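Undergrad: requesting a structural model of the entry that follows:
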Amino acid sequence: MMEAKVLGIREEVVKERLGLTSNYAAAYAVKAIDVDVIAAYPITPQTTIIEKLAEFVANGELDAEYIPVESEHSALSAVVGASAAGARVFTATAAQGLEFMHEVLHITSGLRLPVVMAVPGRALSAPISIHGDYQDIMNARDAGWIMIIASSAQEVYDSIIMAYRIAEDQRVLLPVMVSYDGFLMSHTTEPVELYHEEYVRKFTPRNLSRYRLDPRKPITMGVIASPDWYYEIKYQAVHALRESKQVIKEVHEEFNKAFGTNYDLVEKYMVDDADYVLITYGGASSGNAKEAARRARERGLRAGVVRIRLFRPFPTDELVNAVKDAKIVAVVDRALTPGDVYEGPVFSDVVSALYSRDIEKPVISVVHGISQRTMLADDFYNLYKMLDEHAKTGEYPRSTVFLGLRS
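TA: Coordinates of the predicted model:
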């Protein structure tokens, strides 16, 4: 989590402190928000989210309709129907499950439904891997969802609370995906502060004014659109996603004030005077990059880290402002875009962001941590040293650097 502010309000709103995995943190957030419908199908490393929610429902701690479905496609379809009827909904998945949902991802955003989904990122088959990276998330980046990537169990808990406030805002009405490291976060226990439910529910009032299926006021959703109107309808969703950034910023500010946190669209670590900046996302790579930056500083290299928290819509201005004074930037991706000029998906977003603001500087594409390949702080420290050497010679890699790859 981004470093918390020292505010008296923190003690007032915190109900208890527990050791939780990020998956359990997600489940506790859904319970606090008081959802109406949960649809679920198990898949590693997501399963313990829905197991914990099933326990809450069975014990009477959460008054929700729990639908055990036959596939991930059905899980998202079920919450789409429930959301269209006005219910507050939740589901979760990962890896092949997210790919199986892919058709319905576009339907959800196209229908402008405020669905919230948790996705602990996992490598895609084939070959089969149950370990964590972000290839599944990157395959969904063009589906029209708001996408948040968290770096701690506390941030997962907080982000899901904020996700409902964002998704249900009348100016947005789009689905939100909260992602984080599979296994490295989904199954690792961390201290999490849980808030009193009355504070959470006060922060997330239900939007009862949105269009929904109601036999007393019949409407039609998901109709066939001719070429005369399809383009305009899709543009409305594109425009809403772009404009949602202002709402997301507002929600962050209100959440910080209400719960004593310090969230932003990007997290900056020692970047104010940094010559060499690593851009990361997720938990493991960001944490090790920070440790490497500290080591580099001790050895005279002005190193910094920028962690992307909001992935869609992309935080262009915030990221550009964070790195505009750096000599060299390296983007550390935990996913691949095979066949592209550079194989890092977020690298392309960063280059586009800098270009759009007329910022010219060397940007290096780096890939690491695929299928949870161990990412050492030494790897990132050596990356800082590599950037320093490139700065001295003025020569830069013309292809992606694959850290941790055996030759």
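
Undergrad: only C-alpha atoms for contact and neighbour calcs from this point on.
TA: OK.

Undergrad: any chance you could map the helices in this protein?
TA: With DSSP state H, the ranges of helices along the chain come out as 8-13, 22-33, 47-58, 72-84, 96-100, 102-110, 135-139, 153-167, 197-203, 230-259, 284-298, 316-323, 345-356, 377-393.

Undergrad: Serialize those to a markdown table and add fields for distance to Val266.
TA: Listed next are the helices of the chain as a markdown table, based on distance: least, C-alpha to C-alpha, whole Å:
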| stretch | distance to Val266 |
| --- | --- |
| helix 8-13 | 22 |
| helix 22-33 | 20 |
| helix 47-58 | 26 |
| helix 72-84 | 29 |
| helix 96-100 | 25 |
| helix 102-110 | 24 |
| helix 135-139 | 18 |
| helix 153-167 | 13 |
| helix 197-203 | 22 |
| helix 230-259 | 11 |
| helix 284-298 | 12 |
| helix 316-323 | 7 |
| helix 345-356 | 13 |
| helix 377-393 | 19 |
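
Undergrad: can I get these in CSV with mean neighbour count and mean pLDDT?
TA: Shown next, in CSV, are the helices of the chain (neighbours: other C-alpha atoms under 10 Å; pLDDT from 0 to 100):
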stretch, mean neighbour count, mean pLDDT
helix 8-13, 15, 84
helix 22-33, 26, 98
helix 47-58, 19, 98
helix 72-84, 23, 98
helix 96-100, 20, 98
helix 102-110, 20, 98
helix 135-139, 20, 97
helix 153-167, 26, 98
helix 197-203, 16, 97
helix 230-259, 16, 97
helix 284-298, 21, 97
helix 316-323, 18, 98
helix 345-356, 19, 98
helix 377-393, 17, 97
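
Undergrad: figure out which of those is closest to His187.
TA: For those, the distance to His187 is smallest for helix 22-33, at 6.8 Å, taking C-alpha to C-alpha.

Undergrad: just the C-alphas of that closest one, formatted as PDB.
TA: This file holds the C-alpha atoms of helix 22-33, laid out as PDB (Å, rounded to 0.1, in the frame of the first residue of the first chain):
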ATOM      1  CA  SER A  22      -4.900 -10.600  -0.700                       C
ATOM      2  CA  ASN A  23      -7.600 -13.100  -1.700                       C
ATOM      3  CA  TYR A  24      -9.100 -13.000   1.800                       C
ATOM      4  CA  ALA A  25      -8.700  -9.200   1.800                       C
ATOM      5  CA  ALA A  26     -10.800  -9.000  -1.400                       C
ATOM      6  CA  ALA A  27     -13.500 -11.200   0.200                       C
ATOM      7  CA  TYR A  28     -13.700  -9.100   3.400                       C
ATOM      8  CA  ALA A  29     -14.100  -5.900   1.200                       C
ATOM      9  CA  VAL A  30     -17.000  -7.500  -0.700                       C
ATOM     10  CA  LYS A  31     -18.600  -8.400   2.600                       C
ATOM     11  CA  ALA A  32     -18.200  -4.900   4.000                       C
ATOM     12  CA  ILE A  33     -19.800  -3.400   0.900                       C
END
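
Undergrad: got the angle for that helix vs helix 47-58?
TA: 30 degrees (axes from the mean of the first three to the mean of the last three C-alpha atoms, to 10 degrees).

Undergrad: list of residues touching helix 22-33?
TA: Outside of helix 22-33, the residues that reach it under the criterion C-alpha atoms under 8 Å, 6 or more residues apart in numbering are 46, 48-50, 52-53, 56, 61-62, 90, 118, 120, 152-154, 156-158, 160-161, 185-190, 192, 194, 196-197, 200-201, 204.

Undergrad: same thing with stretch 261-274?
TA: Under the criterion C-alpha under 8 Å, 6+ apart, residues 2-5, 249, 252-253, 255-256, 277, 290, 302-310, 315, 318-319, 322-323, 325-326 lie in contact with stretch 261-274.

Undergrad: identify each buried residue in that stretch, please.
TA: Neighbour counts using 16 or more other C-alpha atoms under 10 Å place 261-272, 274 of stretch 261-274 among the buried residues.

Undergrad: in strands, which of the residues you listed fall?
TA: Taking DSSP state E as the definition of strands, the buried residues of stretch 261-274 contribute Val266, Glu267, Lys268, Tyr269.

Undergrad: distance of the second one from Leu354?
TA: Put plainly, it is Glu267. Per C-alpha to C-alpha, to the nearest Å, Glu267 is found 18 Å from Leu354.

Undergrad: next: Arg201.
TA: Here the criterion is C-alpha to C-alpha. By it, Arg201 lies 39 Å from Leu354.

Undergrad: before we move on, what about His187?
TA: 36 Å.

Undergrad: domain map for this protein?
TA: Segmentation of the chain into domains, based on automatic domain parsing, reads 8-259, 266-402.

Undergrad: ok, which of the helices of the chain comes nearest Pro127?
TA: With respect to Pro127, and counting by C-alpha to C-alpha, the nearest of the helices of the chain is helix 96-100 at 12.0 Å.
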